[in-house]
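> Model the structure of this input:
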Amino acid sequence: MASLDEIKEEVIKVLKQIYDPEIPVNIYDLGLIYGV
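Coordinates of the predicted model:
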């Protein structure tokens with residue numbers, strides 16, 4: 001069973017693959033995600 005930290009890291013890894021359609025920055029680094 002994965003720990004909460006491992007799950008959080010995996011979620012962040014996936015979020016960093018999603019880019020804003022107007023600018024080439026992922027939604028995590030852009031600051032659109034306030035909490036995981």
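> ok, residue 29 - contacts?
Each residue near residue 29 by CB atoms under 8 Å, 6 or more residues apart in numbering is listed here: residue 16. Just so you know, the C-beta spots here come from the backbone N, C-alpha and C atoms, and that holds for glycine as well.
> Tell me which helix or strand it sits in.
helix 27-30 (DSSP states H and E).
> before we move on, what about residue 13?
Secondary structure assignment for residue 13, by DSSP H and E: helix 4-15.
> now that helix: mean pLDDT?
In this model, helix 4-15 has a mean pLDDT of 97.
> Go ahead and name everything in contact with that helix.
Taking CB under 8 Å, 6+ apart as the criterion, the residues outside helix 4-15 that touch it are 2, 26, 27, 28, 33, 36.
> Give me the buried entries from those residues.
Among these, those buried by neighbour count (16 or more other CB atoms under 10 Å) are residue 28.
> Now tabulate the contacts of helix 4-15 in a markdown table and tack on distance to residue 15.
Compiled in a markdown table, the contacts of helix 4-15 are given as follows (distance: CB to CB, whole Å):
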| residue | distance to residue 15 |
| --- | --- |
| 2 | 17 |
| 26 | 7 |
| 27 | 6 |
| 28 | 4 |
| 33 | 6 |
| 36 | 8 |
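> Closest to residue 19 out of the contacts of helix 4-15?
If you rank the contacts of helix 4-15 by distance to residue 19 using CB to CB, residue 26 comes first, at 5.3 Å.
> What count of nearby residues applies to the closest residue to the closest one other than its chain neighbours?
Once its chain neighbours are removed from consideration, residue 26 has its nearest residue in residue 16; the separation is 4.7 Å (CB to CB, 6 or more residues apart in numbering). Counted with other CB atoms under 10 Å, residues neighbouring residue 16 total 13.
> Hmm, residue 16 is touching residue 28, no?
Yes: taking contact to mean CB atoms under 8 Å, the distance of 4.9 Å between residue 16 and residue 28 places them in contact.
> Much appreciated, bye for now.
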